[in-house]
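1. Got a sequence here, can you model it:
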Amino acid sequence: MKLTENFYLNEFACNDGSQTPLQVYYRLQKLAIQLQVLRDYLNAPITVNSGYRSPEYNKKIGGVANSQHILGNAADITVKGYTPKNVYLAIEHLIKEGKMLQGGLGLYDGFCHYDIGYNGKKRRWNG
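-> You can find the predicted model right below:
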């Protein structure tokens with residue numbers, strides 16, 4: 001199922017192969033729309049390393065109990081040709097410009113986390 005010009009639902013599927021709940025689809029599409037803005041801005045493909053997570057899978061990999069991944073609000077991403085820090089800074093810029101939704105933004109060694117949870121509350125961290 002196509003979510004945006006360049007993103008498909010299966011890219012956000014749980015890495016354990018479990019079914020994505022129907023109630024999560026809308027949030028995943030909203031998230032994909034935000035990531036499409038980033039993709040267009042950077043003009044580079046985005047890989048979703050982790051999108052939706054079932055509660056069981058989230059617990060298995062040591063995710064926090066209130067993870068936005070469980071709700072379909074979050075993605076851990078890499079962008080071809082960009083460091084995680086570059087991706088983080090690009091998202092921050094797009095948020096400040098009003099082109100992406102405010103939310104959670106985390107910087108990790110191998111990826112950048114972005115989420116649209118907590119009703120637009122700004123949250124920042126380093127992994």
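2. going forward, measure contacts and count neighbours with C-alpha atoms only.
-> Will do.
3. Alpha carbons of the helix or strand harbouring D76, as CSV, please.
-> Element membership for D76, per DSSP states H and E: strand 74-79. Provided in CSV are the C-alpha atoms of strand 74-79 (Å, rounded to 0.1, in the frame of the first residue of the first chain):
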residue,chain,number,x,y,z
ALA,A,74,8.0,7.0,14.9
ALA,A,75,10.7,5.9,12.5
ASP,A,76,14.4,5.3,12.9
ILE,A,77,15.9,6.3,9.6
THR,A,78,19.1,6.6,7.5
VAL,A,79,19.4,8.7,4.4
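4. what does that strand contact?
-> 12, 31, 44-52, 68-69, 84, 87, 110-117 (CA atoms under 8 Å, 6 or more residues apart in numbering).
5. Buried ones from the residues you listed, can you make that a ChimeraX selection?
-> A single ChimeraX command selects the buried members of those (16 or more other CA atoms under 10 Å):
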select :12,31,45,46,47,48,49,50,51,52,68,69,84,87,111,112,113,114,115,116,117
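6. avg pLDDT for the helix or strand just after the strand holding D76?
-> The element immediately downstream of strand 74-79 (helix or strand, assigned by DSSP H and E) is helix 84-96. Taken as a whole, helix 84-96 has a mean pLDDT of 98.
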